[in-house]
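J.: Predicted model, plus sequence, below.
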Amino acid sequence: IRELKVLTAAGKQKILRRTRMPVIPSKNRAGYFLEGEEIDEMIGSEGTLALVTEITAALVEHPAEHFSLLIPFNNLMTSLEFVVRTVKSSFKPRAVELIGPGAFDIFQAHPGTPRFPEGTASVIYLKQEYDPTDPSDRTDQSDRWLNWIEAFYREQRHPDWSESVFMGESERHKDDIRAWRHFIPATVNEEARKFHEEGGGKISTDWWVPIHQLLPMMQWVYTESLRLLGLPFLVFAHIGNGHPHWNFLTKNAGEKKRIHDFVLRQCRKAVALGGGVAGEHGLGKIHRDYLPIQHSKETIAKMVALKKKWDPNWVLGRGNILEQP
């Protein structure tokens, strides 16, 4: 973001221009960004500081062509081990997503999805870009990936599973994969609506951890989910940067409270491992209690002071991020 035009809470127009690039963490750490300039304070402020009326952004080049891969695994932790090794390798995929326990069952329920080996517990979905002007680049990239996957399967003593890797190269195949993937949250949201009248519904996580902490964090959440809850759950989304989404379905207010408390425990553990409580979805009003898990009283006091600077009468976004005095 290079420039913002905003209306302040007092109704005055102000132009915020970027003069330098701040050092930005790999993922959001919730609340206001305090280490930049005024334009950085505004970005991600969830409508609490001013009204943005115009945005000037630098554009990236048109994305290159890509192919997609669906890679099955018989164990959640095995699939995560594959992700960690891949991220630490010389591969540079455009995206790496997890379709894990619970989510995989929904994924497979979509008509048209490929049949994976019996015992498949999770699938890694990745995209790899290639240069469409170089006829050999796509072949070289796909061969390199398949060799990497085959070597991993051999190590896991499942060499025949490499035959079940699904590669989407045509636009139709890539569109199909996107539809199959988005069938997961659509199905969960429809199911969750059935329990709204009883005070239940879906609770999802937005925490993230550094990639080197992904395995212990995910093992802990998975074990605790099986041991403590006895409630439906699933996990999916962008695993390549340590930011999966766990979804829990609750039938009533009591179950919802149990899961909320469990998610708070997850957030505390994620922060202890060097991560954050809200990687992309923000806090809003519902998750305002996550803020002190991520930040000290001193840092939150700075955020309150920033809010007062921009909006001294607390006119905008009341209750978002910070509790209204």
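T.: Received it, and whenever you're ready, just let me know what you need.

J.: Next, name the residue at the spatial heart of this structure.
T.: Centroid-nearest residue in the chain: His243, 4.4 Å away (criterion: Cα atoms, centre = their mean).

J.: For the helix or strand that contains Pro185, buried residues please.
T.: In the assignment (DSSP states H and E), Pro185 maps to helix 171-193. Within helix 171-193, the residues scored as buried using 16 or more other Cβ atoms under 10 Å are 174, 176-177, 180-181, 183-185, 187-188, 192. C-beta: built from backbone N, CA, C; applies to glycine.

J.: same question, stretch 34-52
T.: 36, 38-46, 48-50, 52.

J.: Asn247: which of these is nearest?
T.: For the buried residues of stretch 34-52, the residue nearest Asn247 by Cβ to Cβ is Glu46; the value is 22.2 Å.

J.: If I follow the layout properly, the closest one ends up in contact with Gly282?
T.: Yes - at 5.1 Å, Glu46 and Gly282 qualify as touching, with contact defined as Cβ atoms under 8 Å.

J.: Common neighbours of the two, please.
T.: Common contact partners of Glu46 and Gly282 (Cβ atoms under 8 Å, 6 or more residues apart in numbering): Ile321.

J.: From Val83, how far out is Val96?
T.: As judged by Cβ to Cβ, to the nearest Å, Val96 and Val83 stand 6 Å apart.

J.: Find the residues that touch each one of those two.
T.: Residues touching both Val96 and Val83 (Cβ under 8 Å, 6+ apart) are 124, 239-240.

J.: Inside helices: which ones of the residues you listed?
T.: Per DSSP state H, helices hold no members of those.

J.: and the gap between Arg20 and Asn189?
T.: Arg20 is 41 Å from Asn189, by Cβ to Cβ.

J.: correction: Val6
T.: Using Cβ to Cβ, Val6 is found at 33 Å from Asn189.

J.: need the strands for the stretch 1-150 of the chain, in chain order.
T.: Taking DSSP state E, counting those that start in this stretch as the test, the strands found in the stretch 1-150 of the chain are 3-7, 13-17, 51-56, 65-73, 95-99, 122-130.

J.: Looking at those, which is nearest to Arg265?
T.: strand 95-99 (21.0 Å).

J.: Mind checking the pLDDT average for that closest one?
T.: What strand 95-99 shows for mean pLDDT is 97.

J.: What is that strand packed up against?
T.: helix 76-88, strand 122-130, helix 171-193, strand 233-238 (3 or more Cβ pairs under 8 Å, 6 or more residues apart in numbering; DSSP states H and E).

J.: Centre of the chain to that strand, how far?
T.: Centroid separation between strand 95-99 and its chain, computed with Cα atoms, centre = their mean, to the nearest Å, is 10 Å.

J.: so what strands line up beside that strand?
T.: In the sheet, strand 95-99 lines up against strand 122-130 (antiparallel), strand 233-238 (antiparallel) (DSSP bridges).

J.: Tell me who's in contact with the residue nearest to the centre of the chain.
T.: Going by Cβ under 8 Å, 6+ apart, His243 touches 27, 206-208, 237, 279-280.

J.: Tell me which of the residues you listed has the lowest pLDDT.
T.: Among the contacts of His243, Lys27 has the lowest pLDDT, at 78.
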